[in-house]
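Novice: Provide a 3D model corresponding to the input given below.
(one chain, ligands or ions: 2)
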Amino acid sequence: MIFSSIIVPLLALAARGVQADPSMAELEGTWSSKSNTVFTGSGFYDPVDELLIEPDLPGISYSFTSDGFWEAALYRVTSNPQNHSCPSAVLIYQHGSYELLSNGSLVLTPIAVDGRQLLSEPCTDDGSSVYSRYVQATFFKTYEVYVDGYNGRWTLQIYQFDGSKMQPLYLAYKPPNMLPTTALNPTDSASETKTSLKKRARRSLENQYRTNAVKTTAGKNYDFYWWVAVSFVGIGSASFFMI
Ligand SMILES: *[C@@H]1O[C@H](CO)[C@@H](O)[C@H](O)[C@H]1NC(C)=O
Ligand SMILES: *[C@@H]1O[C@H](CO)[C@@H](O)[C@H](O)[C@H]1NC(C)=O
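Specialist: Numbers count the residues shown, from 1 in each chain. Ligands and ions are numbered 1, 2, ... in the order given. Take a look at the predicted model:
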């Protein structure tokens, strides 16, 4: 026991030492913020049915492959100081390819047709969340990968474009848990309208309800489908529990 508590800080030092020579191998994996509830992959976004699935608690997750692909999942709840019953909530999915510059900066380029956002502002949107495309190229000034001296977990500390620290991310899966890294919507034209996306979202919601009826007897599955449906009808109402 004594040894392990000594070895961890040493490992942490060694890992920090690696920083001088950034490598895509050390980025490889699925990283998740402290809540440990948000993970990239099919549990967050179902591209076939156009479903963003609300995790239990807010958080963020980034995945990287060692050959230059990334995926991000974000679930953020923002309280409303005017009315504590009205927090807004947003779910964002993006993926694409990345480049690790020789000075340690990371450039994340999204696949534009694939990004999705579900925004819920329960007190102003009449209970219908807004489902739309989302495209945001991302630049991280630098990052560190090290073993946290307190909890012994592999940690990814990202410094955002302006050098400010993102909340630390902890290694959850290696190899990473990701959707396919190629375009998920290859037939989509970039000009696809919000309305057609919405129609698809609605259709998939209807499908879920149909599935519901069938799955009821299966007991546990019912909850899952209900939950997915809730994330479309009013993710805000579920997020009341967050604050
Ligand atoms: C690395 O180089 C890029 C492009 O020249 C620059 O924008 C970025 O700020 C540099 N990063 C650091 C950590 O200096
Ligand atoms: C806060 O929002 C809820 C839900 O819309 C509403 O019923 C309530 O009256 C609001 N409270 C205040 C102080 O505005």
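Novice: please, where are all the helices along this protein?
Specialist: 2-18, 24-27, 194-215, 220-233, 235-239 (DSSP state H).
Novice: now do the buried residues in the shortest one.
Specialist: By that I understand helix 24-27. Using 16 or more other C-beta atoms under 10 Å as the test for burial, helix 24-27 gives 24, 26-27. Yep, even glycine has a C-beta here, placed from its N, CA and C like the rest.
Novice: tell me the one of the residues you listed nearest ligand 2?
Specialist: Comparing those against ligand 2 with C-beta to the nearest ligand atom places Leu27 closest, at 42.8 Å.
Novice: look up how far Leu74 lies from the closest one.
Specialist: Note on Leu27: its distance to Leu74, by C-beta to C-beta, to the nearest Å, is 18 Å.
Novice: what about the strands in this structure?
Specialist: Here the chain has its strands, by DSSP state E, at 29-32, 45-46, 51-52, 59-64, 69-78, 88-100, 106-110, 116-120, 130-133, 138-147, 154-160, 169-173.
Novice: stretch 78-90 - what's its average pLDDT?
Specialist: On average, the pLDDT along stretch 78-90 is 89.
Novice: hey, C-alpha coordinates of it in PDB?
Specialist: Written as PDB, here are the backbone C-alpha positions of stretch 78-90 (Å, rounded to 0.1, in the frame of the first residue of the first chain):
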ATOM      1  CA  THR A  78     -27.300  26.600 -17.100                       C
ATOM      2  CA  SER A  79     -29.300  28.000 -14.300                       C
ATOM      3  CA  ASN A  80     -31.500  31.000 -14.800                       C
ATOM      4  CA  PRO A  81     -30.900  33.600 -12.000                       C
ATOM      5  CA  GLN A  82     -34.300  35.200 -12.700                       C
ATOM      6  CA  ASN A  83     -36.200  32.000 -12.100                       C
ATOM      7  CA  HIS A  84     -34.600  29.000 -10.600                       C
ATOM      8  CA  SER A  85     -37.300  26.800 -12.200                       C
ATOM      9  CA  CYS A  86     -36.100  27.800 -15.600                       C
ATOM     10  CA  PRO A  87     -32.600  26.400 -16.300                       C
ATOM     11  CA  SER A  88     -31.700  25.900 -19.900                       C
ATOM     12  CA  ALA A  89     -30.100  22.700 -21.100                       C
ATOM     13  CA  VAL A  90     -28.100  21.800 -24.200                       C
END
